[in-house]
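Engineer: No letters, just coordinates:
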C-alpha cells in the first residue's frame, strides 16, 4: 500500500497508468477479502470497505466504473488474478500466511525423432499423397476419339502438390517433373490443368473425402478429446484476419472462412467446412464428420459455440462439452441440458478449466496451416479459393502422419476397405523409416 500522498505521487509520475492499476491490484489482493462466487470473484473496493465489484476472469470483465469506461483491465481484475495466482490464505490484517509457487507444466519431446520427421517431410508427404490419391475413384467417361483425359487421381496429386510447394502453377511445373522422375506421377500436364481442377465444384467433395481419409490412420493415437474453431484465409496479401475479425478495416475484402475440428493429441483435422456463415451452427456437422472415423469423448470450443442446440446435440451423442457460457447466460427450466451444463460451468470451475485448456490445440493447428502453407490463397475464383484451402488441410494431415511415423512408429495405410492397386511401373510405397 502507499504510505503517504507524496510516495503515491512519485510512483504515479514514474509508472504508466496500466502499471499503476497492476500495482494497486496487487495491494488489493494483499488486503484480502476477495470471495469466489461461482466463476466470478467479488473484489472489495479500494476506497470503501462496504462496496465490492464483480470480476469475471473468463470474460475479462468487471462491474467497476473504470472498466465500464475504458473496457480495459482494471485494478480489480489484477487483484483477482493475483489472488488466484498466489493460491494462499490472506489474514484479516492483510498479511500472507503462505505463498505457493506453481511451476509451468512441460512435455518432453523426442527431438531426434522430431528433427528426422521435419528433415524428411517433403519425401514422405509426396509418397503419402501418391498413396492417398491412388484411392480416388475415376468417374465414368464416354468412349470416343480424342486425347485420353488426365486421370482424376493425377489431377488431385498435381494440384495438392502445387499447394505444398507454395509456388505459382508455372513455377511448380519443375517440382511435378521431379515427381515424374520418382515414379509418383505419370506425366506433367498442361499448366492450366491445376487451375481447372481447383476451379471445379466437384473437386470440393473429393478434397473433403481426402481430408477424412488422411486423418483415419491417426485414430489409433487420438484419445477421444477434440476441439473446434474457425479462421480466415486472405485473398489479398496485405490484409490480416485479426483486423477483419475485430472490425479494424473499413474496406471489406473477400475472405475464405475455414471451420475445423481437430484431435488434441495429433493435431489432425478430423472435420472441415468452408463457409462464410457463423461459427455456432457448424458444430453439429463438424462433430458428425469427426465421429465417422473417431471415438469422441469430449469436445472443447470457445463461447461462440455456446447454444442450447449444440449442448443437446453433444449430449445426444454422449460427448462431454467443455464450452464456456456468455456473461448473460441464465438457467432455463425448459432446457434441462442447458441448465445442467451452466451449473457445472459455474460451480465446478476446476474440472472445467482442466479440460477447456485443450482448446488451445485448435489455435496451434491454425498456426501450423498458415505458417507452413501460407495465410492467403493464390486462386482467383471463389470455388478455387475454397478448394485451395481444403488442399492445405489435406497436406496438414499428411504432415501429422509423417510426424507420427517417426515419433510413434505409425505404419499408415489408406483406403483399407477399397484396397487400391498400385499402377504398373510405379515402385512399391515404403512409409516406415
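Structural biologist: Alright, I've got the coordinates. Note that this is a predicted model, so its numbers are computed, not measured.
Engineer: Quick one: list the elements packing against the host helix or strand of residue 391.
Structural biologist: Per DSSP states H and E: residue 391 is located in helix 382-408. In this structure, helix 382-408 packs against helix 111-119, helix 121-133, helix 152-165, helix 192-198, helix 202-215, strand 255-263, strand 269-274, helix 360-373, with contacts taken as 3 or more C-beta pairs under 8 Å, 6 or more residues apart in numbering; DSSP states H and E. C-beta: built from backbone N, CA, C; applies to glycine.
Engineer: Could you provide these in JSON lines, with additional columns for mean neighbour count?
Structural biologist: Output for the helices and strands packed on helix 382-408, formatted as JSON lines (neighbours: other C-beta atoms under 10 Å):
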{"stretch": "helix 111-119", "mean neighbour count": "13"}
{"stretch": "helix 121-133", "mean neighbour count": "20"}
{"stretch": "helix 152-165", "mean neighbour count": "23"}
{"stretch": "helix 192-198", "mean neighbour count": "20"}
{"stretch": "helix 202-215", "mean neighbour count": "20"}
{"stretch": "strand 255-263", "mean neighbour count": "24"}
{"stretch": "strand 269-274", "mean neighbour count": "24"}
{"stretch": "helix 360-373", "mean neighbour count": "17"}
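Engineer: I'd like the ones you listed as JSON lines, with distance to residue 297 and mean pLDDT appended.
Structural biologist: Conversion of the helices and strands packed on helix 382-408 to JSON lines gives the following (distance: least, C-beta to C-beta, whole Å; pLDDT from 0 to 100):
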{"stretch": "helix 111-119", "distance to residue 297": "27", "mean pLDDT": "91"}
{"stretch": "helix 121-133", "distance to residue 297": "27", "mean pLDDT": "94"}
{"stretch": "helix 152-165", "distance to residue 297": "32", "mean pLDDT": "95"}
{"stretch": "helix 192-198", "distance to residue 297": "36", "mean pLDDT": "94"}
{"stretch": "helix 202-215", "distance to residue 297": "17", "mean pLDDT": "96"}
{"stretch": "strand 255-263", "distance to residue 297": "11", "mean pLDDT": "95"}
{"stretch": "strand 269-274", "distance to residue 297": "13", "mean pLDDT": "96"}
{"stretch": "helix 360-373", "distance to residue 297": "15", "mean pLDDT": "94"}
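Engineer: nearest to residue 304, of the ones you listed?
Structural biologist: Taking C-beta to C-beta as the criterion, strand 255-263 is the member of those that comes nearest to residue 304, at 10.9 Å.
Engineer: And the pLDDT for residue 54?
Structural biologist: The per-residue pLDDT reported for residue 54 equals 88.
Engineer: Contact partners for the closest residue to residue 155 other than its chain neighbours?
Structural biologist: Excluding its sequence neighbours, the residue lying closest to residue 155 (C-beta to C-beta, 6 or more residues apart in numbering) is residue 197, at 4.4 Å. For residue 197, the set of contacting residues under the criterion of C-beta atoms under 8 Å, 6 or more residues apart in numbering consists of 155, 156, 158, 159, 203, 387.
Engineer: Residue 22 too?
Structural biologist: Taking C-beta under 8 Å, 6+ apart, we find residue 22 in contact with 75, 78.
Engineer: who's in contact with the closest residue to residue 386 other than its chain neighbours?
Structural biologist: Counting by C-beta to C-beta, 6+ apart, residue 386 lies nearest to residue 274, which is 4.7 Å off, once chain neighbours are set aside. By C-beta under 8 Å, 6+ apart, the contact set of residue 274 is 204, 256, 257, 258, 259, 386, 389, 390.
Engineer: coming back round to it: residue 184: which of the helices and strands packed on helix 382-408 is closest?
Structural biologist: When those are compared (using C-beta to C-beta), the closest one is helix 121-133, at 4.4 Å.
Engineer: Give me the angle between that closest one and helix 360-373.
Structural biologist: Angle between the axes of helix 121-133 and helix 360-373 is 100 degrees (criterion: axes from the mean of the first three to the mean of the last three C-alpha atoms, to 10 degrees).
Engineer: before we move on, the earlier item: out of the helices and strands packed on helix 382-408, nearest to residue 62?
Structural biologist: If you check each of the helices and strands packed on helix 382-408 against residue 62 by C-beta to C-beta, helix 360-373 wins as the nearest, at 24.5 Å.
Engineer: the inter-axis angle of the closest one versus helix 382-408?
Structural biologist: Going by the same axes, to 10 degrees, helix 360-373 makes 110 degrees with helix 382-408.
Engineer: Which strands or helices does helix 360-373 pack on?
Structural biologist: Identification of packing neighbours for helix 360-373 by 3+ C-beta pairs under 8 Å, 6+ apart yields strand 225-234, strand 255-263, helix 382-408.
Engineer: can you list those in CSV and add distance to residue 292?
Structural biologist: Compiled in CSV, those are given as follows (distance: least, C-beta to C-beta, whole Å):
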stretch, distance to residue 292
strand 225-234, 13
strand 255-263, 11
helix 382-408, 14
